[in-house]
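Novice: here's a sequence, model it:
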Amino acid sequence: MIQLSDPLAETLQPHELKDLVAVAPPCVTLFLPPYRPAGTAHPPGAVLKGLIQELTGRLAALKIPGAQAQQIIEPLDRLVDDSEFARGTQSGQVIFRSCDYFRKFEVPEIERAAAFAGGSFMVRPLLGHGNSTPHFFILKLSQKRADLMRCGTHTCQPVPFPKGVPYTLEEAMAFKPPDHDLENRSSAGPSTGAMRGIRFGTGSGRETEHAHLADFYKTVDHAVHDVQKDGRAPLVLVGVEEDTSLYRSVASYTAVLERTVGGSPGGALSAQDIERQARAIVRSSEADHLAAELVAIRERTAPARFSTQLWPILKAAAEGRVSRLYLDENAERMGVFQEIRRGERWDWGEEDLLNLAAVETLARGGSAFTLATSQMPDQASIAAIFRY
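Specialist: Numbering: from 1, shown residues only. As a prediction, the model looks like this:
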């Protein structure tokens, strides 16, 4: 896709990573952290201006002709003074620019500003985002109220329960008489005189309250099923352990994640804290699934089709032989890779070779993922499954 006008921020879709790696060089990538006017971060215009200064030097070092470099930088200069851009975003932003390509995406979890220039875009930080679940749910639980949130890539919005579903235990008690009576009666024995019956308790008030709360959480679980009918979207619970444990014990929704956001939703936890922790839990769960999948694939793959060696993987990726690529999200391997790439000599000086492996893999129809250091096989920074 060719776009030369100043773009509005978009949401990066997984398939667009493959579009990015097909863009002709030179390629410029800019990462900008979130900006909120009331916060302490520098305004995006000021951050971008500093990055442009870095880029000017890097393009010169790559011996990009002055006219071509100016063509790349000119729309970025215009963006510095753009009033819409100056407002910032709750998420970070990544800008991709080449001579005939200009796109801007909102991307969560960008922590610092950075600029890259070379023969391909810097896509490594986006691999986890591009393969993540499109949405998930947050369920805030307490003995007073339950609330459901639906979170997409950049948004987290309340989701109303279906009609007739109570939000509070008090409402649930009003809708339906208690299933557990606090007291029963038995026939009076001969020594009770004129009394018709004797009252006796069926349990403590706390036990009865626990039973009512369990019934309320069952109703909430049914509501979650109604909202997410296929039962596949991850559900993160928020609440104190007593409430989240009770909910798990009665829930039938199968995608409830093991980790929870601990604490009272109506207490010290802010909405931002809840969303941030929930997103981290979802990412961790996805990474665990990928790591387990890698172990299973490796066990059934011939040794010759698996490698953790950088240079053989790079060569195989350039030849289109890498089916699945896994990268340590915290690693970096700088170097120079001189190979024939798409019919041309590939030599853009020193660069992040892990990013290059991802670019070559994606460009040739493979898949690329990032994992935590502890999840990588053999303590390697890179691993690959070869097609042949």
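
Novice: what segments of the stretch 201-350 of the chain are strands?
Specialist: 235-239, 261-262, 306-307, 322-328, 334-335, 339-341, 344-346 (DSSP state E, counting those that start in this stretch).

Novice: list the pairing partners of the second one within its sheet, with orientation.
Specialist: Think strand 261-262. According to DSSP bridges, strand 261-262 has the following sheet partners: strand 235-239 (parallel).

Novice: okay, now the unreliable bits of the protein?
Specialist: For the chain, applying pLDDT under 70 flags the ranges 1-9, 36-41, 129-132, 175-206, 339-347.

Novice: domain parsing for it?
Specialist: The chain breaks down into these domains under automatic domain parsing: 1-122, 136-285, 301-388.

Novice: returning to what we had before: and the strands of the stretch 201-350 of the chain: which comes nearest G118?
Specialist: Closest approach to G118 among these (CB to CB): strand 344-346, 10.5 Å. For the C-beta atoms, the positions are set from N, CA and C on the backbone; glycine is no exception.

Novice: next, the contact list for L48, please.
Specialist: Shown in contact with L48 (CB atoms under 8 Å, 6 or more residues apart in numbering): L30, L32, L76, L79, V80, F85.

Novice: quick check: phi and psi on it?
Specialist: Main-chain torsions, L48, degrees, to the nearest 10: phi -60, psi -40.

Novice: returning to what we had before: A363: which of the strands of the stretch 201-350 of the chain is closest?
Specialist: Minimum separation from A363 across the strands of the stretch 201-350 of the chain (CB to CB) falls at strand 339-341, 8.9 Å.

Novice: who's in contact with the residue nearest to H210 when sequence neighbours are not counted?
Specialist: Once flanking residues are discounted, H210 sits nearest to L246: 7.4 Å by CB to CB, 6 or more residues apart in numbering. Taking CB under 8 Å, 6+ apart, we find L246 in contact with H210, L213, A214, Y217.

Novice: 10 Å instead, please
Specialist: Counting by CB atoms under 10 Å, 6 or more residues apart in numbering, L246 touches L141, Q143, H210, L213, A214, F216, Y217, G239.

Novice: repeat that for G366.
Specialist: The contact partners of G366, by CB under 10 Å, 6+ apart, come to 18, 316-317, 320-325, 357-358, 360, 384-387.

Novice: please redo it, this time with the cut-off set to 6 Å
Specialist: Counting by CB atoms under 6 Å, 6 or more residues apart in numbering, G366 touches V322, S323.

Novice: and what of the one 5 residues further on?
Specialist: With contacts defined as CB under 6 Å, 6+ apart, the neighbours of L371 are A287, A291, Y326.

Novice: buried ones only from those, please, as a ChimeraX command.
Specialist: Those of the contacts of L371 that count as buried under 16 or more other CB atoms under 10 Å are selected in ChimeraX with:
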select :287,291,326
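
Novice: just the closest of the contacts of L371 to F96, please.
Specialist: For the contacts of L371, the nearest to F96 is Y326 (23.7 Å; CB to CB).

Novice: for that closest one, give the beta-bridge partners.
Specialist: F369, A383.

Novice: my guess is it meets A368, correct?
Specialist: No: taking contacts as CB atoms under 6 Å, Y326 lies outside contact range of A368: 7.9 Å.

Novice: name the single longest helix found in this structure.
Specialist: Longest helix of the chain, by residue count under DSSP state H: helix 271-299.
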